[in-house]
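Q: After the sequence you'll find the predicted model.
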Amino acid sequence: MLIVFLCIIGVAAFEDNINPPSGLQAIDPTKVVTTPPFDKPGLRKLPDGSYEAYYVAQVFSFNPPVLKVPAGSKVTFYVTSPDVVHGFLVTHTDINMMAVPGWVNTQTHVFRSRGTYLLICHEYCGIGHQNMSATIEVQ
Ligand code: CUA
């Protein structure tokens, strides 16, 4: 049975190119700090009124450490890491991603209620992992 399962996964991944919805956009992890738009992490407003938020997750912090967005905003997050694999979880939302070196992961969320949301790393990434957090202020 194990061999059958491995064959099914192998065929799906390599023949049918079925992969998790992450890793759709590649980035050189050694050049994250000089690659736009990750050279200036933060919030960008789009012409349609929605927002894009670019985040760099690194040992042991998120950049930007504080994000301020108006209530009701639709925000698409773009996350990458220049060093090791981190987690990207925003409490009281469905935002739950991995920040993987070499890849940009993305997820969209509409912040309907005001408040301060905690962004935490939920993947063990080293000695300071438990201190790796940031906040999103919905105003
Ligand atoms: Cu970054 Cu745990």
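A: Yep, that arrived. Residues are numbered from 1 along each chain as shown.
Q: Please list the residues of this protein that sit near the ligand.
A: Contact residues, the chain versus the ligand (CB under 6 Å from any ligand atom): 60, 86, 87, 121, 123, 124, 125, 129, 132. C-beta here means a position set from N, CA and C on the backbone, and glycine is covered the same way.
Q: Any quick ChimeraX command for the buried ones out of the residues you listed?
A: ChimeraX command restricting the residues of the chain next to the ligand to the buried ones, with burial defined by 16 or more other CB atoms under 10 Å:
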select :60,86,87,121,123,125,129,132
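Q: In JSON lines, list the residues of the chain next to the ligand along with pLDDT.
A: Below are the residues of the chain next to the ligand laid out as JSON lines (pLDDT from 0 to 100):
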{"residue": "60", "pLDDT": "95"}
{"residue": "86", "pLDDT": "97"}
{"residue": "87", "pLDDT": "97"}
{"residue": "121", "pLDDT": "97"}
{"residue": "123", "pLDDT": "96"}
{"residue": "124", "pLDDT": "96"}
{"residue": "125", "pLDDT": "96"}
{"residue": "129", "pLDDT": "97"}
{"residue": "132", "pLDDT": "97"}
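Q: Would you format the residues of the chain next to the ligand as a markdown table with secondary structure included?
A: Listed next are the residues of the chain next to the ligand as a markdown table, based on DSSP: H, G, I helix; E, B strand; the rest coil:
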| residue | secondary structure |
| --- | --- |
| 60 | coil |
| 86 | strand |
| 87 | strand |
| 121 | coil |
| 123 | coil |
| 124 | coil |
| 125 | coil |
| 129 | helix |
| 132 | coil |
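Q: Please, which helix or strand holds the residue nearest the centre of the chain?
A: Taking CA atoms, centre = their mean, the centroid of the chain lies closest to residue 79, which sits 3.3 Å from it. In the assignment (DSSP states H and E), residue 79 maps to strand 74-80.
Q: circling back to that earlier point, just to check, the residue nearest to the centre of the chain is in contact with residue 58?
A: No. Judged on CB atoms under 8 Å, residue 79 makes no contact with residue 58 at a distance of 11.1 Å.
Q: List the strands paired with the helix or strand bottoming out on mean pLDDT in the chain, with their directions.
A: Sorting the helices and strands of the chain by mean pLDDT, DSSP states H and E puts strand 25-26 at the bottom, at a mean of 88. Sheet pairing here is set by DSSP bridges, and for strand 25-26 it gives strand 103-110 (antiparallel).
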